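Trainee: quick one, structure for this:
(one chain, ligands or ions: 1)
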Amino acid sequence: MTDELTQKWNARYQDADPAASRPCEVLKTFAYLLPPEGRALDLACGLGGNACLMAGHGLETSAWDVSPVAIDRLRAHAESENLPIEAKVRDVQKEPPESDAFDVIVVAYFLERDLAAAIEQALKPGGLLFYQTWTREAVDDRGPGNPAFRLAPNELLRLFPGLRVVSYREEGLFGDPARGLRNEAWLVATRP
Ligand SMILES: C[S@@+](CC[C@H](N)C(=O)[O-])C[C@H]1O[C@@H](n2cnc3c(N)ncnc32)[C@H](O)[C@@H]1O
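Mentor: You can find the predicted model right below:
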């Protein structure tokens, strides 16, 4: 199963350009909340757009993904841009992050519900979680077709019961579907 998963993502990243990888909107929008120093993790980082933002901000940044192709590309990009990123092939389902390890964790477009407790615990007290991913309520067909990879209404809030919410957005199907945050939910939360 893991091999299949790795191959699927390797194929996806084979021709991708890490320089084109962008940080997620929730991190870009709330980057002013980041601490000036500390340890950050981009979990299931892909090409590492979030890792690059955090490393550029001055955080000592780890970036983990199951795809060796993505990690190789991110390493080369980080080196060429002189960004302090420790990029590592790591299956986070087999090896979740250790407790009390990070000041910031970012998770974008990756949803493994069984990992939520470990992610919560991996924050240091006062640490911040930025999470952005697809919701089942959607105004068009962007995002994964499998509902298991999409959040139910308010699910992101329920996944991290031990955290204090700093900011949350989920606009579902309300109002003008051409405006606002659609198809996704954003959470910024801190470990008390
Ligand atoms: C949709 S991509 C998102 C990548 C990145 N977070 C972004 O926003 O660009 C999902 C990522 O999760 C990674 N992934 C899937 N299962 C994983 C696992 N068990 N451990 C680590 N990474 C995993 C995939 O390799 C892929 O890079």
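
Trainee: what is the neighbour count of whichever residue of the chain sits closest to the ligand?
Mentor: In the chain, the residue that lies nearest the ligand is residue 46 (2.8 Å; CB to the nearest ligand atom). For the C-beta atoms, the positions are set from N, CA and C on the backbone; glycine is no exception. Neighbourhood size, residue 46 [other CB atoms under 10 Å]: 24.

Trainee: repeat that for residue 80.
Mentor: 10.

Trainee: try residue 159
Mentor: Residue 159, neighbours per other CB under 10 Å, totals 19.

Trainee: over to residue 5?
Mentor: 13.

Trainee: which ones are touching it?
Mentor: Going by CB atoms under 8 Å, 6 or more residues apart in numbering, residue 5 touches residue 66.

Trainee: that one: what secondary structure?
Mentor: With DSSP: H, G, I helix; E, B strand; the rest coil as the basis, residue 5 sits in helix.

Trainee: relative to residue 12, how far out is it?
Mentor: Going from residue 5 to residue 12 by CB to CB, to the nearest Å gives 11 Å.

Trainee: returning to that earlier point: could I get the phi/psi values of the residue of the chain closest to the ligand?
Mentor: phi 60, psi -130 (degrees, to the nearest 10).

Trainee: same check on the one 10 residues further on?
Mentor: The phi and psi values for residue 56, taken as degrees, to the nearest 10, are phi -60, psi -30.
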